[in-house]
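Asks: predicted coordinates and the sequence they were generated for:
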Amino acid sequence: MDPPRWFYRHEHEWVALVERLKLTPCPHCRVVGALIRHGSLTAFDDSSPRRKTVRARRLFCSNRHRRPGCGRTVSVWIADKVRRLSMTTRTLGTFLQRAVSGGIAAAIRATPCPRSDRTWQRIWQRFDRAQSRLRTALWERGPPPEGPPGPSRRPAAAQVLAHLRATFPDVDCPLAAFQQATRSFVL
Ligand SMILES: [Zn+2]
């Protein structure tokens, strides 16, 4: 089981988190009051192909100057980013939805985010491996919608995506909402 991840969606949530830092225990050592800001994690992704975009903010559990921390860092991820994946959750969700309804080859052709076929295949495999974990996390929030999720070449995967949409119905990106709500990466 992965440790809980930290996510935020909007800038004001990050600001509020920073304001509470002095009262927040470090997720590694549980010491309160040692976390300080420690820069950001940037990379290219499809939200900003020409310029690096911020993917996560970093915190440092300070052990310098006699601070009581453990010296480890914590990443606070923006909810629409996925570790080891250079695309947003929105692009990922679009690709997965197309893959379950029309097949992976058609989904690759239709997704406006140039990646090699092998990369897309690997992304699909990551999703495939994550399915049972996703299903378990979603069931904790409620049952899947009734009835089959529509015609699909991959009914089990289609069911997971339908369950995701039903669990987070009024958001622009259910994958990002899932990450923030369950404090875990979707892949
Ligand atoms: Zn610590």
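Replies: Done, it's in.
Asks: which positions in stretch 139-152 come out as buried?
Replies: 144, 149, 152 (16 or more other C-beta atoms under 10 Å). The C-beta positions use only the backbone N, C-alpha and C, and glycine is treated the same way.
Asks: Leu138 is in contact with the first one, correct?
Replies: Put plainly, it is Pro144. Yes: applying C-beta atoms under 8 Å, one finds Pro144 in contact with Leu138, separated by 7.1 Å.
Asks: residues shared between the contacts of those two?
Replies: Shared contacts of Pro144 and Leu138, defined by C-beta atoms under 8 Å, 6 or more residues apart in numbering, comprise His163.
Asks: what sits against Ala43?
Replies: Applying C-beta under 8 Å, 6+ apart, we find Ala43 in contact with 52-53, 55, 86.
Asks: how about a cut-off of 7 Å?
Replies: Applying C-beta atoms under 7 Å, 6 or more residues apart in numbering to Ala43 gives the contacts 52, 55, 86.
Asks: in a strand, it, correct?
Replies: Yes: counting by DSSP: H, G, I helix; E, B strand; the rest coil, Ala43 is part of a strand.
Asks: what is the nearest of the contacts of Ala43 to the ion?
Replies: Arg55 (21.8 Å; C-beta to the ion).
Asks: burial measure for the closest one, as a count.
Replies: Arg55 has 22 neighbours, counted by other C-beta atoms under 10 Å.
Asks: skipping adjacent residues, who's closest to it in space?
Replies: Excluding the flanking residues, the one nearest Arg55 by C-beta to C-beta, 6 or more residues apart in numbering is Lys81, at 4.4 Å.
Asks: Ala137 now?
Replies: Ala137's closest residue in space is Thr182 (C-beta to C-beta, 6+ apart), at 4.9 Å.
Asks: relative to Arg165, how far out is the one you found?
Replies: Going from Thr182 to Arg165 by C-beta to C-beta, to the nearest Å gives 15 Å.
Asks: and the residue nearest to Arg183 when sequence neighbours are not counted, its phi and psi?
Replies: Among residues not flanking Arg183 along the chain, Pro4 sits closest, at 4.1 Å (C-beta to C-beta, 6+ apart). Main-chain dihedrals, Pro4, degrees, to the nearest 10: phi -60, psi 140.
Asks: ok, and what's touching the longest strand out of those in the chain?
Replies: Across the chain, the longest stretch assigned as strand under DSSP state E is strand 48-61. Residues from elsewhere that reach strand 48-61, judged by C-beta under 7 Å, 6+ apart: 14, 26, 28-29, 31, 34-45, 47, 69-78, 81.
Asks: repeat that with 6 Å
Replies: The list of residues contacting strand 48-61 from outside it, by C-beta atoms under 6 Å, 6 or more residues apart in numbering, reads 26, 34-36, 38-45, 47, 69-70, 72-77, 81.
Asks: could you list the buried residues of the next helix or strand after that strand?
Replies: Scanning forward in sequence from strand 48-61 by DSSP states H and E, the next helix or strand is strand 73-78. Going by neighbour count (16+ other C-beta under 10 Å), the buried part of strand 73-78 is 74-78.
Asks: that's all I had, so thanks and see you.
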